[in-house]
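Novice: sequence and computational prediction follow.
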Amino acid sequence: MKTLRPLLILCLCLVLNGPAATLFSAETPKAAKNQTAKITIDPELQKIIDQDNEAQIEVDKWIKDYQALNRTNAVQDATLPLRIRERFDSVKSAYEDYLFTHSTNMEARLAYASFLTDIGQDNDAAREWLKLQKQHPDNPVLWNNLGNYFAQKGSAKDAFPYYEKAIELAPKEVLYLKNLANVVYIFRQEAMEYYSMNEQQTIRLAQAFYQKAKLLQPDDFVLATSLAQTWYYITPFNARQARAAWEKAYEMASDDSERQGILLHYARVAILDEQFDEALQWLDQVTYSQHQKLKQQLLENLEKRRELSAAKE
């Protein structure tokens with residue numbers, strides 16, 4: 001369920017030719033379902049959550065089948081959006097019926113808001129979180145989810161205080177630190193204004209949040225790559241520190257595809273450091289098909305930079 005939503009929105013955009021959704025690249029947890037799993041909940045509510053999960057899996061399969069069919073034979077399935085809506089409408093009705101008689105049940109409202117986020121009804125989910133946040137101001141999940149909402153809507157200046165409050169309430173929750181780091185890094189202009197910093201200070205701040213999260217979760221590959229990415233924007237560029245960060249990420253890679261992805265960054269660092277022969281050696285080791293487009297871009301960039309370097313001599 002946690003990886004479904006971008007795929008669902010992409011499919012609906014393709015099928016309906018509707019406007020593209022704004023997707024924030026930071027991790028967007030469905031905290032309600034995670035949280036309800038940690039406590040004892042009403043069996044009736046658990047049954048609805050199970051229905052929710054089943055619907056998400058089924059719709060995910062429909063979308064993947066549709067995309068697989070379009071790879072070999074372009075088709076238009078006019079029934080797909082309707083089937084998706086009908087499948088989710090039954091789950092939505094189940095949540096709403098339950099909430100009609102259990103309106104103060106926090107776990108139910110969290111699960112319902114999570115479901116609304118899954119199906120792209122972010123504004124409705126935010127209204128649920130805002131109601132709960134007023135009733136339960138010490139719950140960090142609500143502050144974090146509202147931070148995600150504002151970040152996804154492109155209002156990062158509104159997101160920062162929500163993430164900060166979530167971290168204040170749960171300082172050892174890695175997810176909240178990662179989310180704040182991502183928003184500071186991606187929305188640098190807004191972060192500069194909010195924190196009264198220049199761009200380099202803002203990037204350093206994002207690094208500090210990533211590093212703090214890394215101390216709490218040292219084996220997180222995505223976190224390590226996020227931190228390594230920031231070194232490209234530190235000036236003057238420090239090839240040694242950048243390479244060291246990518247080497248740490250390489251150690252955490254789970255398969256050869258991820259490791260070859262890191263080799264592309266070894267090459268990029270070498271190119272920026274004008275170590276062109278070294279960069280070529282790294283690129284020669286990249287053989288996976290999914291990396292070939294970026295490999296070709298780096299090869300082209302390498303040749304341009306080599307020419308510029310030769311012209312300066």
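Specialist: Good, I have the coordinates. Computed from a prediction, not measured in an experiment: that's the story for all the values here. Numbering: from 1, shown residues only.
Novice: helices or strands up against the host helix or strand of L146?
Specialist: Using DSSP states H and E, L146 sits in helix 140-152. Contacts defined by 3 or more CB pairs under 8 Å, 6 or more residues apart in numbering; DSSP states H and E place helix 140-152 against helix 31-36, helix 106-118, helix 122-135, helix 156-169, helix 174-186. All C-beta spots, glycine's among them, are computed from the backbone N, C-alpha and C.
Novice: do that again at 6 Å, thanks
Specialist: If contacts are counted by 3 or more CB pairs under 6 Å, 6 or more residues apart in numbering; DSSP states H and E, helix 140-152 sits against helix 31-36, helix 122-135, helix 156-169.
Novice: how about the helices in the stretch 201-313 of the chain?
Specialist: 221-230, 239-252, 256-272, 276-284, 292-312 (DSSP state H, counting those that start in this stretch).
Novice: burial measure for the nearest residue to V183 once chain neighbours are set aside, as a count.
Specialist: Spatially, and ignoring its direct neighbours in sequence, V183 is nearest to A151 (5.0 Å; CB to CB, 6 or more residues apart in numbering). A151 is flanked by 26 other residues according to other CB atoms under 10 Å.
Novice: and the helix holding L146, how far from the chain's centre?
Specialist: From the chain centre to the centre of helix 140-152 is a distance of 13 Å (CA atoms, centre = their mean, to the nearest Å).
Novice: so what touches stretch 173-191?
Specialist: 26, 29, 144, 151, 156-157, 159, 163, 166-167, 199, 202, 205-206, 209-210, 212-213, 216-217 (CB atoms under 6 Å, 6 or more residues apart in numbering).
Novice: distance between it and the chain's centre?
Specialist: 11 Å.
Novice: kindly export the host helix or strand of I84 (C-alpha atoms) in CSV.
Specialist: If you go by DSSP H and E, I84 is part of helix 80-101. The C-alpha coordinates for helix 80-101 follow below in CSV (Å, rounded to 0.1, in the frame of the first residue of the first chain):
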residue,chain,number,x,y,z
LEU,A,80,-10.6,1.1,-15.4
PRO,A,81,-11.2,4.5,-13.6
LEU,A,82,-14.8,3.5,-12.9
ARG,A,83,-13.7,0.1,-11.5
ILE,A,84,-11.1,1.8,-9.3
ARG,A,85,-13.6,4.3,-8.0
GLU,A,86,-16.2,1.7,-7.3
ARG,A,87,-13.6,-0.5,-5.5
PHE,A,88,-12.5,2.3,-3.3
ASP,A,89,-16.0,3.7,-2.7
SER,A,90,-17.0,0.5,-0.9
VAL,A,91,-14.0,1.0,1.4
LYS,A,92,-14.8,4.7,1.9
SER,A,93,-18.4,3.9,2.8
ALA,A,94,-17.3,1.3,5.3
TYR,A,95,-15.0,3.8,7.1
GLU,A,96,-17.7,6.5,7.1
ASP,A,97,-20.4,4.1,8.4
TYR,A,98,-18.0,3.1,11.2
LEU,A,99,-17.2,6.7,12.1
PHE,A,100,-20.9,7.6,12.2
THR,A,101,-21.1,5.6,15.4
